[in-house]
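> Below are the sequence and a predicted model; questions follow.
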Protein chains: 2
Amino acid sequence: MNVNVFAGNPLDRQSTRRADEAWIGEQLRNPNTPVLAMWEGKPFVAEDARIAYLTADRAVAAAGGTDGFLFLGMDGDTPVFAVELASEDSLGEPGRFAELRSVALDLPGPEAGIVATAKSLFDWRRRHRFCAACGAPTRGVDAGWRRLCPACGAEHFPRVDPVVIMLAVSNGRCLLGRNVGWPEGRMSALAGFMEPGETIEAACARELKEEASLVVKRVVYHSTQPWPFPSSLMIGLIAEVEEGPGVPDGVEVEELRWFTREEARTVLEGRHAEVATPGGLGVARQLLASWVEER
Amino acid sequence: MNVNVFAGNPLDRQSTRRADEAWIGEQLRNPNTPVLAMWEGKPFVAEDARIAYLTADRAVAAAGGTDGFLFLGMDGDTPVFAVELASEDSLGEPGRFAELRSVALDLPGPEAGIVATAKSLFDWRRRHRFCAACGAPTRGVDAGWRRLCPACGAEHFPRVDPVVIMLAVSNGRCLLGRNVGWPEGRMSALAGFMEPGETIEAACARELKEEASLVVKRVVYHSTQPWPFPSSLMIGLIAEVEEGPGVPDGVEVEELRWFTREEARTVLEGRHAEVATPGGLGVARQLLASWVEER
């Protein structure tokens, strides 16, 4: 179904349990409850690149209490939590805090999805400790999923920022671009954040016009990917465009290049003389693979 | 193409011009530049339910300066702005501030899209005057499209909150639900906010499971709709589910009911004895119409 990295979180979120403080507390007093530990956005993993879950008692000891524990959901009958630790040295367990970008492809798909969810929530919390409406400090409720302002009563929910990422295609060729600042040979699908007042198709058309001076004829939805850097929703599209070379805007995109299916295949397989594979983590690679295989 | 209300904003946003303060200032000194006036989320419209654009000189006079003017984009060679006024009585022009929900279906599609964009931006600004990271007051830059924190340097961008809204279908029948608190007979497609770590398909499956105890087999993307109350992106889906009656959760949804195509047609046409049409503004109506017409 969905082959995108970070898309495989299998937990049953059971969101109605988040506000049940008694139930949440009970789970955290059960020493067997597994807890994903994170530090500065990095998951605590074992040497075999699996999540090294802590038991709840050790996690609570390392965190100095149960404050700020995030209820991720149920794995069958087992509730799974996450906690962000203040220091790298809080744990005596064997394991290490690993950069998510480095270990994401080694983690099993479901674990990459679980880590992505926890990372986005903790990043959101770190950047949203104050009320955007009135400036007062807010407090976390609902086991990590909501923040409340005691001064003005505003509620704040985790951000999910939709981004359109599209493979432009025309006449049997597809377009990759090199962003300003990327090294020679690194190319990927064009992308951009959606804005208020736009549909997915309108955002796709705007970005292709702005960044490449191309005119969209038809947009087909491919798949989505949660992107935890910090909390985007990548909406993968195939965009049929009017014929034309395209012109990089020089602001976001420095170079554009068209590829036949055969050339695109060599890029995907790492055999292209000049252009490297789009990063293995992102949906761009899936868009390209999907188009290459299309009849 | 996209028949959804609020989806028709035709302006070329020309986002690179937003940061060009000299250019922005010049346009606002041109008395002919059109400005959409809003007050408390309501657009200033003429009696014929068209936007009653002010000229820039009158808009600047009513606002007491050019601070906070929002650059919406270009209509051909004409830059279009919006401004939020502090009082309903700032204007001597003929016209009125109208509730967007009341006039949205009367406004021409492109104008409804323009108003939706401005409303979302102004609502965002009103609820984000302070830095969520440190609590300090922020200031607006980029002609309304970004806020900067002078204390900690954080940048803040307008929120777009993705929501999945899905028509569940099974065996030639489709499902509508009545939310808790809705009057008898008012029914629509089920919906819910997406969360970090989810794909569109996963959010759709979670919501149908949570709210209706239904299991999703296949999800097909239909269309999206900007929803300016205050700033959602409605992602319209048709979701094929496993056979079963469905059980309303009693928390969000109070009643579920299945409709054959013929029954759904009578709902759409306002001829159903018990169930009213889903509100004409939302994508739910388009989902239903699309399924009814499907072969």
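Everything's here; your move. Residues are numbered from 1 along each chain as shown, chains lettered A, B, ... in the order given.
> Pull the number of nearby residues for the one residue in the stretch 1-150 of chain A that gets nearest to chain B.
Here the residue of the stretch 1-150 of chain A nearest chain B is residue A:117; by CB to the nearest CB that distance is 2.8 Å. (Glycine included, C-beta is placed from N, CA and C.) By other CB atoms under 10 Å in any protein chain shown, 27 other residues sit near residue A:117.
> Could you list the low-confidence segments of chain A?
Counting by pLDDT under 70, chain A contains low-confidence ranges at A:1-2, A:295.
> which one's the longest strand in it?
As assigned by DSSP state E, the longest strand anywhere in chain A is strand A:216-227.
> Could you give me the buried positions within it?
Within strand A:216-227, the residues that count as buried by 16 or more other CB atoms under 10 Å in any protein chain shown are A:216, A:219, A:221-227.
> so which two of those residues are the farthest from each other?
The largest distance within these, taken as CB to CB, falls between A:216 and A:226 and amounts to 25.1 Å.
> Next, the buried residues of stretch A:237-255.
Those would be A:237-239, A:241, A:246, A:248-249, A:252-253, A:255, for stretch A:237-255 by 16+ other CB under 10 Å.
> ok, now stretch A:178-185?
A:178-179.
> and the nearest residue to residue A:178 once chain neighbours are set aside, how far is that from chain B?
Among residues not flanking residue A:178 along the chain, residue A:255 sits closest, at 4.1 Å (CB to CB, 6 or more residues apart in numbering or on different chains). Distance, residue A:255 to chain B, by CB to the nearest CB, to the nearest Å: 19 Å.
> Describe which strands the helix or strand containing residue A:255 pairs with in its sheet and in which direction.
Using DSSP states H and E, residue A:255 falls within strand A:253-260. Paired strands of strand A:253-260, with direction, are strand A:173-179 (antiparallel) (DSSP bridges).
> Extract the C-alpha trace of the partner strand and format it as CSV.
Only the C-alpha atoms of strand A:173-179 are listed here, as CSV (Å, rounded to 0.1, in the frame of the first residue of the first chain):
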residue,chain,number,x,y,z
ARG,A,173,10.0,12.9,-19.8
CYS,A,174,10.1,13.9,-16.1
LEU,A,175,11.6,16.9,-14.4
LEU,A,176,14.0,17.0,-11.5
GLY,A,177,15.5,20.2,-10.0
ARG,A,178,18.5,21.2,-8.0
ASN,A,179,17.7,23.6,-5.2
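> Which residue ranges of the stretch 101-250 of chain A form helices?
Ranges of helices in the stretch 101-250 of chain A, per DSSP state H, counting those that start in this stretch, are A:109-127, A:200-212.
> how about the residues of the stretch 51-200 of chain A that lie near chain B?
Proximity of the stretch 51-200 of chain A to chain B, by CB under 8 Å from any CB of the partner chain, involves residues A:113-114, A:116-118, A:120-121, A:124, A:126-137, A:145, A:154, A:156-162, A:193-200.
> Restricted to buried residues, select those in PyMOL.
In PyMOL, this line selects whichever of these come out buried by 16+ other CB under 10 Å:
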select buried, chain A and resi 113+114+116+117+118+120+121+124+127+128+129+130+131+132+133+134+135+145+154+156+157+158+159+160+161+162+194+195+196+197+198+199+200
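> if you look at the residues of the stretch 51-200 of chain A next to chain B, which of them are in strands?
Using DSSP E, these in strands are A:156, A:161-162, A:193.
> can the residues you listed go into CSV with extra columns for distance to residue B:46?
Shown next, in CSV, are these (distance: CB to CB, whole Å):
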residue, distance to residue B:46
A:156, 38
A:161, 36
A:162, 34
A:193, 34
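> Between the residues you listed, which sits nearest chain B?
residue A:162 (5.1 Å).
> okay, how far is it across stretch A:102-114, tip to tip?
Start to finish, the residues bounding stretch A:102-114 are 16 Å apart (CA to CA, to the nearest Å).
> Return the set of buried residues in that stretch.
Result for stretch A:102-114 [16+ other CB under 10 Å]: buried residues A:103-104, A:107, A:109, A:111-114.
> I figured residue A:201 was touching residue A:221, is that so?
No: the pair residue A:201 / residue A:221 is not scored as a contact, 9.2 Å apart, by CB atoms under 8 Å.
> who touches the nearest residue to residue A:145 once chain neighbours are set aside in this structure?
Leaving aside its chain neighbours, residue A:145 sits nearest to residue A:18 (5.2 Å; criterion: CB to CB, 6+ apart). By CB atoms under 8 Å, 6 or more residues apart in numbering or on different chains, the contact set of residue A:18 is A:24, A:71, A:142-146.
> ok, for the residue positioned nearest the centre of chain A, nearest residue in space, not its chain neighbours?
Geometric centre of chain A, nearest residue: residue A:227, 1.4 Å, by CA atoms, centre = their mean. Spatially, and ignoring its direct neighbours in sequence, residue A:227 is nearest to residue A:234 (4.8 Å; CB to CB, 6+ apart).
> Just send the helices of the stretch 101-250 of chain A back as a markdown table, with distance to residue A:282 too.
Output for the helices of the stretch 101-250 of chain A, formatted as a markdown table (distance: least, CB to CB, whole Å):
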| stretch | distance to residue A:282 |
| --- | --- |
| helix A:109-127 | 13 |
| helix A:200-212 | 16 |
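> right, so of those helices, which gets closest to residue A:278?
Closest among the helices of the stretch 101-250 of chain A, once you apply CB to CB, is helix A:200-212, at 16.0 Å.
> residues making contact with the closest one?
Against helix A:200-212 from outside (CB under 8 Å, 6+ apart): A:162, A:164, A:166, A:168, A:175, A:177, A:190-192, A:194-195, A:198, A:214-216, A:219, A:221, A:235, A:237, A:239, A:241, A:246-249, A:252-253, A:256, B:1-2, B:7, B:9, B:12-13, B:15-16, B:224, B:233, B:235.
> Now do it and helix B:109-127, the angle between them.
Using axes from the mean of the first three to the mean of the last three CA atoms, to 10 degrees, the direction of helix A:200-212 lies 80 degrees away from that of helix B:109-127.
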